[in-house]
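Chemist: Prediction below, plus the sequence it came from.
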Amino acid sequence: PKGTMAFSGKYEFESDENYDAFVQKIGLPSDKIEMGRNCKIVTEVVQNGNDFTWTQHFPGGRTTTNTFTVGSEADMETMGGRKFKATVKLEGGKLVAEFPNYCHTAEISGGKLVEISTSSGVVYKRTSKKIA
């Protein structure tokens, strides 16, 4: 459909901003904070129209997969492993999801995957470069 961003691809973590302030704000345990710091997460996105499979591959073999359809409620999992329900929306080419204690957006900008999470005014930005 017209106006849908092409998200499909594999993206490798390149840089982030405000990681520590953000994970402390959302109450991530310190072992998870250490594990996630400068973590070379590979994000794999398969998009079929409004249907998405969004997988994060962590070093050491752990993966988190969220499958959702834009505009429909889906079962999701946070980076800390909490399960919840969310409806992902598409707003101006960005995917927008309300997580339990933060708002998450994702967009393709300049060929990179740019994800922004905001919690009580703390903004965490993660940029990943396309590798496949």
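Modeler: The structure has been received and is ready for your questions.
Chemist: Not counting its neighbours along the chain, what's nearest residue 100?
Modeler: With sequence-adjacent residues excluded and distances taken as CB to CB, 6 or more residues apart in numbering, residue 100 is closest to residue 84, at 5.2 Å. The way it works is simple: take the backbone N, C-alpha and C, and place the C-beta from them, glycine included.
Chemist: Which other helices and strands does the helix or strand the one you found falls within contact?
Modeler: Counting by DSSP states H and E, the element that carries residue 84 is strand 83-87. Contacts defined by 3 or more CB pairs under 8 Å, 6 or more residues apart in numbering; DSSP states H and E place strand 83-87 against strand 73-77, strand 94-99.
Chemist: The first one pairs with which strands, parallel or anti?
Modeler: So the one you mean is strand 73-77. Using DSSP bridges, the strands paired with strand 73-77 are strand 83-87 (antiparallel).
Chemist: Against which helices or strands is the next helix-or-strand element following the strand it pairs with packed?
Modeler: Per DSSP H and E, the first helix or strand lying C-terminal to strand 83-87 is strand 89-91. With contacts taken as 3+ CB pairs under 8 Å, 6+ apart, strand 89-91 sits against strand 94-99.
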